[in-house]
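>>> generate a structure from the sequence data that follows.
(2 chains)
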Amino acid sequence: MERRTIFGGWFLPAALVLPQLLVTILFFLLPAGEAIYQSLTATDAFGLHTRFVGWANFAALFADPTYLATLLRTAIFCALVTLLALALALVLAVFADREIRGRAIYRTLLIWPYAVAPAVSAVLWVFVMHPQVGILGRLLNRAGLHWDYTLNPIQAMGLVIVASAWTQVSYNFVFFLAGLQSISPAVIEAARMDGARGFHRFRTIIFPLLMPTTFFLLIVNLVYAAFETFGTIMALTRGGPGQATETLVVKVYRDGVVNLDLSGSAAQSVVLMLLVIALTALQFRFLDRRTN
Amino acid sequence: MTRTRTDWLAHIVLGLGVILFAFPVWLIFAGATQDAGAINRGDLSLLPRLSHLGIFLSVLRHGAADSKIPVWHMLMISALMALGIAIGKIVISFISAYAVVFFRFPFRRIAFWTIFITLMLPVEVRIIPTYAVMANFGMINSFAGLTVPLIASATATLLFRQVFIAIPDELVEAARMDGAGPIRFLRDILVPVSAANIAALFVILFVYGWNQYLWPLLVATDPRLDTIVIGIVQLIDTGSILTPWNTMMAMSLLAIIPPVVVVVAMQRWFVKGLTEVEK
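Coordinates of the predicted model:
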């Protein structure tokens, strides 16, 4: 849709888009280009000579079993975080949508965690689950369950998943609640007249109507789990024990910043960019279909 | 409505949900007032020692034991960063959306798509190359380095574009009849019309800025630029028997309060804005 009425001149609009354009080019496009360039070249150990190596860095990356393992681990991690965060938020939203006393208070008490930083939420979980200090972790050990997420890879992964999902529930809750409230009361009433009750009514009438919201949240949560959980993971396990909780972003950080493997880390960055572009494209195709 | 009896199931489920989120926060509040040695021995209790509430003040003033940076300073850096990112993003997105919607100029489409593409590139994806660019500009360890690279956002530009497109042509015409130039139109019509959207974006972007971790970790190694989030994770990294657990808990609580206050105080705009911005 285009406007019919516009203002004349080109100097003013050019000056108005310039700041945004400059930031975009300097801090988004230039680094992206730099990553692509580095991913296609190799620099010798002294940093003196750089030569073009084509796909070699990518070939090496996908031949590296630790990278493939991280790829698979990230996929599992994202799937479980998304599932947990969506399921919990949906249950809470369904009940918060009912006509009960004090529901405004319940809503506020379920929305505020949106403000908690992922890295800080990890610290909160340390005090709950730490094997010696944590209030629950300690109990698990006293019960003889050998709880120690700093040593046990599966426990570490479980904790990182729960802590990451915990921070994302409020966001999903807001959207599910908005989605539920936009369902016309007439539809619900009609379902009730037809005798659809309780869970059956939810599954056959309400959940299908929530599908657009759910699909949108699915993509947002996958992107969140893949890219924004860096702080949570670093604060809880630093990717360990070993590589047990190392996701793709943690690996880029470890290889690039800690181990200074620039070409390898650049190739990883390019893979991540392709992933984000694929997810974004998926989201926009879906939005297009819905608005048309 | 026929439903007059209490919906116990709903109260139980929602109550459990509230506890799931409130419990860890209560735990750090209670823990902050306890003795670090006792916590380390596994004696973390859910009952706060009210006589030791002074820990919050002393942490604010002096910071953690081995750090020279007081927590009020970290909170200030976090607040400045969050405000800088929120206001910066809103301003540059607002004016660029204005230019794209209300003017025709060469390369308008290219400019719009260039901005749009950034939607796809979160900072986590391009860590190393962005760092290299920052180093070339000499922006490492500067406040500008902390904020400016994060203030371009396609999301905000897209939102304002939608708002502006929905403004009826008649309103624009009427303003022009009254002799309003482009700047006066922006100030007297567009800003008031989009006030609710600006408020919603402010909440979302303030939280986004306050909660940054990876970017400040890379760009600001100078402790005087430590944000509160960085300060807390640094403490946990020392992860030994010497970890001042109670200090860490006090800091975590202080780190949570400001963004939570912003979200709760502006809850109505935030909820409306969130569901509109992202769709």
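>>> sketch out the low-pLDDT regions of the stretch 51-200 of chain A for me.
Counting by pLDDT under 70, the low-confidence segments of the stretch 51-200 of chain A come to A:196.
>>> which bits of the stretch 151-279 of chain B sit near chain A?
B:151-152, B:157, B:165, B:169, B:172-173, B:176, B:182-183, B:185, B:207, B:210-211, B:213-214, B:218, B:229, B:232-233, B:236-237, B:245, B:248-249, B:252, B:255-256, B:259-260, B:262-264, B:267, B:270-271, B:274-275, B:278-279 (Cβ under 8 Å from any Cβ of the partner chain). For glycine as for every other residue, the C-beta is placed from the backbone atoms N, C-alpha and C.
>>> are any of those residues buried, and if so which?
Among those, those classed as buried by 16 or more other Cβ atoms under 10 Å in any protein chain shown are B:151-152, B:157, B:172, B:182, B:185, B:207, B:210-211, B:213-214, B:218, B:229, B:232-233, B:236, B:245, B:248-249, B:252, B:255-256, B:259-260, B:262-264, B:267, B:270-271, B:274-275, B:278.
>>> can you dump the C-alpha coordinates of stretch B:12-30 into PDB?
C-alpha atoms of stretch B:12-30 as PDB (Å, rounded to 0.1, in the frame of the first residue of the first chain):
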ATOM      1  CA  ILE B  12      -4.300 -23.900  41.700                       C
ATOM      2  CA  VAL B  13      -2.600 -23.900  38.300                       C
ATOM      3  CA  LEU B  14      -2.100 -20.200  38.200                       C
ATOM      4  CA  GLY B  15      -0.900 -20.200  41.800                       C
ATOM      5  CA  LEU B  16       1.700 -22.900  41.000                       C
ATOM      6  CA  GLY B  17       2.800 -20.800  38.000                       C
ATOM      7  CA  VAL B  18       3.200 -17.700  40.200                       C
ATOM      8  CA  ILE B  19       5.300 -19.700  42.700                       C
ATOM      9  CA  LEU B  20       7.500 -21.100  39.900                       C
ATOM     10  CA  PHE B  21       8.500 -17.600  39.000                       C
ATOM     11  CA  ALA B  22       8.500 -16.000  42.400                       C
ATOM     12  CA  PHE B  23      10.200 -18.700  44.400                       C
ATOM     13  CA  PRO B  24      13.800 -18.200  43.000                       C
ATOM     14  CA  VAL B  25      13.500 -14.400  43.600                       C
ATOM     15  CA  TRP B  26      12.300 -14.900  47.200                       C
ATOM     16  CA  LEU B  27      15.200 -17.300  47.600                       C
ATOM     17  CA  ILE B  28      17.800 -14.800  46.600                       C
ATOM     18  CA  PHE B  29      16.100 -12.100  48.700                       C
ATOM     19  CA  ALA B  30      16.300 -14.400  51.800                       C
END
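>>> buried residues, it. List them.
B:13, B:14, B:17, B:18, B:21, B:24, B:25, B:27, B:28, B:29, B:30.
>>> quick one: that stretch to chain centroid distance?
Between the centre of stretch B:12-30 and the centre of its host chain there is 23 Å, according to Cα atoms, centre = their mean, to the nearest Å.
>>> that one and chain A in contact?
Yes - judged by Cβ under 8 Å from any Cβ, stretch B:12-30 comes into contact with chain A through B:13, B:14, B:17, B:18, B:20, B:21, B:22, B:23, B:24, B:25, B:27, B:28.
>>> check contacts around the last one.
Spelled out, that is residue B:28. A:123, A:124, A:127, B:249, B:250, B:252, B:253 (Cβ atoms under 8 Å, 6 or more residues apart in numbering or on different chains).
>>> please enumerate the helices of the stretch 51-200 of chain A.
For the stretch 51-200 of chain A, helices defined by DSSP state H, counting those that start in this stretch occupy the ranges A:56-63, A:65-96, A:103-111, A:118-129, A:135-142, A:153-181, A:185-193, A:198-201.
>>> out of those, flag the one nearest residue A:280.
Of all the helices of the stretch 51-200 of chain A, helix A:65-96 sits nearest to residue A:280, with 15.3 Å by Cβ to Cβ.
>>> in the closest one, what's buried?
Of all the residues in helix A:65-96, those buried under the rule 16+ other Cβ under 10 Å are A:67, A:70-71, A:73-74, A:77-78, A:80-82, A:84-86, A:88-96.
>>> count the neighbours of the closest residue to residue B:124 other than its chain neighbours for me.
Spatial nearest neighbour of residue B:124, excluding adjacent residues (Cβ to Cβ, 6 or more residues apart in numbering or on different chains): residue A:227 at 4.3 Å. Residue crowding around residue A:227 was assessed by other Cβ atoms under 10 Å in any protein chain shown; the count is 21.
>>> nearest residue to residue 82 other than its sequence neighbours?
Using chain A here. Of all residues beyond its chain neighbours, the one nearest residue A:82 is residue A:221 (4.1 Å), with distances taken as Cβ to Cβ, 6+ apart.
>>> I was thinking of chain B, sorry if that wasn't clear
Distances taken as Cβ to Cβ, 6+ apart place residue B:209 nearest to residue B:82, at 3.6 Å, with adjacent residues excluded.
>>> wait, that neighbour sits on residue B:79?
No - counting by Cβ atoms under 8 Å, residue B:209 sits too far from residue B:79 to count as a contact (9.2 Å).
>>> neighbour count: the two, which is higher?
The residue with the greater number of neighbours, taking residue B:209 and residue B:79 and applying other Cβ under 10 Å, is residue B:209; the counts read 27 against 17.
>>> residues in contact with the more buried one?
Residues in contact with residue B:209, defined by Cβ under 8 Å, 6+ apart, are B:81, B:82, B:83, B:84, B:85, B:86, B:147, B:150.
>>> circling back to that earlier point, and the residue nearest to residue A:82, how many neighbours?
24.
>>> taking the residues of the stretch 151-279 of chain B next to chain A one by one, which sit in helices?
Among these, DSSP state H puts B:157, B:165, B:169, B:172-173, B:176, B:182-183, B:185, B:207, B:210, B:214, B:218, B:229, B:232-233, B:236-237, B:245, B:248-249, B:252, B:255-256, B:259-260, B:262-264, B:267, B:270-271, B:274-275 in helices.
>>> can you get me a residue count around residue B:174?
Each residue near residue B:174 was counted by other Cβ under 10 Å, and the total is 12.
>>> so how far is residue B:6 from it?
Between residue B:174 and residue B:6 the distance is 54 Å, computed by Cβ to Cβ, to the nearest Å.
>>> and the strands in the stretch 151-292 of chain A?
Taking DSSP state E, counting those that start in this stretch as the test, none of the stretch 151-292 of chain A falls into strands.
>>> the helix or strand containing residue B:76 to helix B:228-237, inter-axis angle?
Residue B:76 is part of helix B:71-102 when elements are defined by DSSP states H and E. With axes from the mean of the first three to the mean of the last three Cα atoms, to 10 degrees defining the directions, helix B:71-102 sits at 130 degrees from helix B:228-237.
>>> now do the buried residues in helix B:71-102.
Within helix B:71-102, the residues that qualify as buried are B:71, B:73-75, B:77-90, B:92-102, counting by 16+ other Cβ under 10 Å.
>>> before we move on, what about stretch A:32-40?
By 16+ other Cβ under 10 Å, the buried positions in stretch A:32-40 come out as A:32, A:34, A:35, A:36, A:38, A:39, A:40.
>>> work out for me the element the closest residue to residue A:92 other than its chain neighbours sits within.
Nearest residue to residue A:92, sequence neighbours excluded (Cβ to Cβ, 6+ apart): residue B:17, at 4.6 Å. Here residue B:17, judged by DSSP H and E, is contained in helix B:8-32.
>>> got the angle for that helix vs helix A:135-142?
Comparing the axes of helix B:8-32 and helix A:135-142 via the same axes, to 10 degrees yields an angle of 90 degrees.
>>> no more questions from me, cheers.
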